Structure formats: structure tokens, C-alpha cells
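> I need the structure of the sequence given here:
(one chain, ligands or ions: 1)
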Amino acid sequence: MSGPRQGRFVTFEGGEGAGKSTLLATLAERAREGGGGSAGGSPLISVLTARARAADDQVVTCREPGGTWLGERLREALLGAPSTEPPDARAELLVFAAARAQIVAEVIRPALDRGALVLCDRYADSTVAYQHYGRGIEREAVDAANAVATGGLMPDLTVLLDLPPFEGLRRVGLVTDYLEREPLDFHRRVRAGYLAEAEAGGRWLVLDATQPPDTLAEAAWVSVERLFQA
Ligand code: TYD
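Numbers count the residues shown, from 1 in each chain. Sure, this is the predicted structure:
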């Protein structure tokens, strides 16, 4: 890791159609607006505003794969069309890792170094869930790829939106990439993998994604705020 980290890093994980991007957008808006609702005068906001920076600079949102020039091209190559053939599993692992290395270097680390709150849609845990538990690539290889990509940078908080895959795929509707075409069993392994990882506790917050969006946002917000109380 390079230098002290002053910011806070929050990631959002889950299977297809779990509602990560909606939740992330709601939390980002709330942070930028200064807490809102019941959270006015929150520690998070006073920390962010005390740094006297533009709100956009202090609340950074991103998604994986993507978020950089290289990441968006890799995303397009993998997920750009519903007809794309699934790549070799190890090639897939390395493409996700390459996109991650770029976003860590270009976006996440610099933002944390300037004290921002970084909210990222998917991160290293997606690779553990999809490429290890889903595809069956051995854990050591997945961990090694993640270690290269992240340089050891892990989230302070990971919000897992847990949903039965059948329900998630129903929500997604039209298939837009080859991963959504994977059999239900694949998605069940991904879900079980996430839950197994979250058993470790610590940085994980597991939410039942069948709850209403407002309930999910409230629960996640409490945990995000707590990061700034330490
Ligand atoms: P995306 O369209 O962003 O889906 P979602 O809205 O569910 O996040 O597609 C990302 C897909 O890539 C998703 O199926 C999960 C998969 N993925 C991996 O398999 N490994 C990874 O490391 C990452 C980041 C994503």
C-alpha cells in the first residue's frame, strides 16, 4: 500500500439484479447532499465538509469492470453484447483483474489518498464469488490475481445485497451478457459463495435485497456513517 489512507472505501456486492447500483446511487446522493433525512449533522458529513472540498471530489462512485478508459474497453469486450461467447475461465479472471488494477491505480487509491468516500459497484469479492465459487478456479489463483490487482487494498465496508438468483434474474429481464446466461446453478454457487465469505463478519454487512429500497438505503447508511465515527 502506498502512503496513509484517509478516505473510506465501501463496496457493493451481490448477484444479478440485486439492486446494487440503485443503492449505491442513493447513498452517493445522500452523502453529497449532506446527510439528508434522519442523518442531518452526521459525522460523515462533518468529516467530509471539514475537508472543505467540492462534494463531487469527496464522494466518488465507480463500477467494475469499468470506470477507466481501459476498464470500459475490457468491459465492452466481455459484456458488450448478449451474444458474446464466454471466454476461457482463466482469461476471464485475468480480464477482471486487469480492469481492477487500472481502477485502483487511476481512481480508487488517489481518491482515498485525498480523503474521499469511495463507493464502488463490485470489487475483489466479485472475483472470489464468480470466478472461484462460480467457475471453480482454485482459490489460490483467484487470491493471487486479486492481490496483484488491488495491491492489498481492501474495502472498509462491503454491503452484500443477498437475493435468490431466480428472483434476481427475473428482475434483470432481458439477458444482456453471457454471465446472465449461465445456468441457475452457477448463480446459486455465486450466492452461496458470497454468503460463505460474509460469514467472516468484520467489514461485511449482509442485507436481504427483497426489502424495499428505502429500508436498504437506511441500513447501509448507518454502516457507512459508522466508518467515520472511528
Ligand atoms: P454488470 O452488467 O455490471 O452486472 P451487475 O449489474 O450485476 O453488476 O456486469 C458485471 C458482470 O461481471 C456480473 O455478471 C458479474 C461479473 N463479474 C465477475 O464475474 N467477476 C468480477 O470480478 C467482476 C467485477 C464482475
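> in this structure, which helix or strand is least confident?
The least trusted helix or strand in the chain, going by mean pLDDT, DSSP states H and E, turns out to be helix 43-50, with a mean of 61.
> what's the separation between the residue positioned nearest the centre of the chain and residue 225?
By Cα atoms, centre = their mean, the chain has its centre lying nearest to residue 122, at 2.5 Å. Going from residue 122 to residue 225 by Cβ to Cβ, to the nearest Å gives 22 Å. Backbone N, C-alpha and C define where each C-beta goes, glycine included.
> got it, and residue 95?
For residue 95, the distance to residue 225 under the criterion Cβ to Cβ works out to 35 Å.
> how many residues are close by the closest residue to residue 124 other than its chain neighbours?
The shortest distance from residue 124 to any non-neighbouring residue, by Cβ to Cβ, 6 or more residues apart in numbering, is to residue 146 (4.4 Å). By other Cβ atoms under 10 Å, the residues close to residue 146 number 24.
> need phi/psi at residue 146.
Reported as degrees, to the nearest 10, the phi and psi values for residue 146 are phi -60, psi -40.
> distance check, the closest residue to the ligand within the chain against residue 106.
Residue of the chain nearest the ligand, by Cβ to the nearest ligand atom: residue 130 (3.1 Å). When distance is defined by Cβ to Cβ, residue 130 is 23 Å away from residue 106.
> ok, now residue 27?
22 Å.
> the two: which has the busier surroundings?
In this view residue 27 and residue 106 are compared by other Cβ under 10 Å, and residue 27 has more residues nearby, 23 against 16.
> list the buried residues for the helix or strand where the more buried one lies?
Taking DSSP states H and E as the definition, one finds residue 27 inside helix 20-33. With burial defined by 16 or more other Cβ atoms under 10 Å, the residues of helix 20-33 counted as buried are 20, 23-24, 26-28, 30-32.
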